[in-house]
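Trainee: Show me how the following folds:
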Amino acid sequence: EDGAAGSAPSAAPSRAQVFTTVVDTFLEKLVAAGSYQRFVNCYRCFYKLQPQLTRSIYDQFISQLQASIKEEIQEVKNEGNLEELFSSLDKIVEEAKDREEPAWRPSGIPEDDVRSAMVPYLLKHRSYLRRALREKEEENRKLAESVLMGRDKIAELQRLIQARQQAWQ
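Mentor: The predicted structure is shown next:
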């Protein structure tokens, strides 16, 4: 409602404004459906005895009904954070207008929809895992070479020790 004051006259109403209009229209139709004549038909005996009081009761009933419905709808809007969600949805729709590629739409076949969403992710993840595997294999190869070189050095030192031991004896 506040945002409408600064918007262009040709701009479509926000979803929050449309929602408010729908609620107001619903209330008008509800009151029209619960007309005074129908109320009188339900309480005919009471109406015959005191028509003014019946009218007063009807007016109070309708007034309180509208107030409680509006209050309940406002609570739902507040609890569900509808104003912010409507605003967010309006922004998403506005941003989508500039896109050249169409938005994703479900095909109606859950398996295909899941596959179309998951396959690119899984392919990217597989590529990442393969790269990580190659790096680990290279690291393991270098470590294995280092271990072999260490073993060769140990064997050489053992031969040298034995040779010196024999020379000393």
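
Trainee: Ile57: neighbour count?
Mentor: Using other CB atoms under 10 Å, Ile57 is surrounded by 15 other residues. The way it works is simple: take the backbone N, C-alpha and C, and place the C-beta from them, glycine included.

Trainee: now Gln66
Mentor: Look at Gln66: counted by other CB under 10 Å, it has 14 neighbours.

Trainee: now do Asn41
Mentor: Taking other CB under 10 Å as the neighbour definition, Asn41 ends up with a count of 10.

Trainee: those helices in the protein, which residues are they?
Mentor: Listed in chain order, the helices found in the chain under DSSP state H are 3-6, 15-33, 36-42, 44-49, 51-79, 82-96, 110-168.

Trainee: Show me how far stretch 97-115 is from its chain's centre.
Mentor: 16 Å (CA atoms, centre = their mean, to the nearest Å).

Trainee: cool, stretch 78-92 as well?
Mentor: Using CA atoms, centre = their mean, the distance from the centre of stretch 78-92 to the centre of the chain it belongs to is 11 Å.

Trainee: Also stretch 13-30?
Mentor: With CA atoms, centre = their mean as the basis, the mean position of stretch 13-30 lies at 24 Å from the chain mean.

Trainee: buried sites along that stretch?
Mentor: When neighbours are counted by 16 or more other CB atoms under 10 Å, the buried residues of stretch 13-30 are found to be Ser14, Arg15, Ala16, Phe19, Thr20, Leu27.

Trainee: As TSV, those residues with distance to Val93 and pLDDT would be great.
Mentor: Conversion of those to TSV gives the following (distance: CB to CB, whole Å; pLDDT from 0 to 100):
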residue	distance to Val93	pLDDT
Ser14	10	85
Arg15	9	88
Ala16	13	86
Phe19	15	88
Thr20	18	88
Leu27	27	87
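
Trainee: out of those residues, who's nearest Glu135?
Mentor: Using CB to CB, Arg15 comes nearest to Glu135 of the buried residues of stretch 13-30, at 49.7 Å.

Trainee: so the closest one sits right up against Glu84, yeah?
Mentor: No. With contact defined as CB atoms under 8 Å, Arg15 and Glu84 do not form a contacting pair (11.1 Å).
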